[in-house]
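>>> with the sequence up front, the predicted model follows.
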Amino acid sequence: MAQYSAEIDGVFVALADPTRRGVIRRLGRGPTSVGELARDFPMTLPSFMKHVRTLEANGLIRTVKAGRVRTCVLNRERLALVDDWLAEQRRIWEGRTDRLERLVTDAKEETDESRS
């Protein structure tokens, strides 16, 4: 559980930045070079590379170097961590709201019965 928690924490930290989310969004359309990706963002290449390294360190992307070109590829399986975590949270909150609804309904029925 602690390992899972550390992994999901890293993914959320990586996704917290709008530049990194933009990179993920772009890579969702397919692999592309770092140079192509960097053109969409108003920063220097060394600054942009920090974002790439953060995404790579957290397993959201991988990079492959062929000659002088470094290509980034989205790791869709890693995004499944977020999907799994959100599904778990959804189940928890739906259970809580279902219990709250039953509590309110039961209380209303008891109130209605006591008035009869």
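Perfect, thanks for sending it. Numbering: from 1, shown residues only.

>>> can you give me the mean pLDDT across the lengthiest helix in the chain?
Identified as the longest helix of the chain according to DSSP state H is helix 76-115. Mean per-residue pLDDT for helix 76-115: 79.

>>> list the buried ones in that helix?
78-79, 81, 85 (16 or more other CB atoms under 10 Å). Where you see a C-beta, it was placed from the backbone N, CA and C, and this is true even at glycine.

>>> how much space separates Gln89 from Arg78?
18 Å (CB to CB, to the nearest Å).

>>> what of Ala107?
To Arg78, Ala107 is 45 Å away according to CB to CB.

>>> contacting residues for Lys65?
With contacts defined as CB atoms under 8 Å, 6 or more residues apart in numbering, Lys65 is in contact with Thr71.

>>> so which helix or strand takes in it?
strand 61-66 (DSSP states H and E).

>>> now for Leu100: which residues touch it?
Counting by CB under 8 Å, 6+ apart, Leu100 has no contacts.

>>> can you tell me how far it sits from Arg90?
15 Å.

>>> quick check: closest non-adjacent residue to the spatially most central residue of the chain.
Centroid-nearest residue in the chain, with CA atoms, centre = their mean: Val82, separated by 4.6 Å. Spatial nearest neighbour of Val82, excluding adjacent residues (CB to CB, 6 or more residues apart in numbering): Val11 at 6.0 Å.

>>> wait, that neighbour sits on Leu60?
Yes. Using CB atoms under 8 Å, Val11 is in contact with Leu60, at 6.6 Å.

>>> between the two, which one's more packed in?
Leu60 (24 against 19; other CB atoms under 10 Å).

>>> confidence score at the more buried one?
pLDDT recorded at Leu60 is 96.
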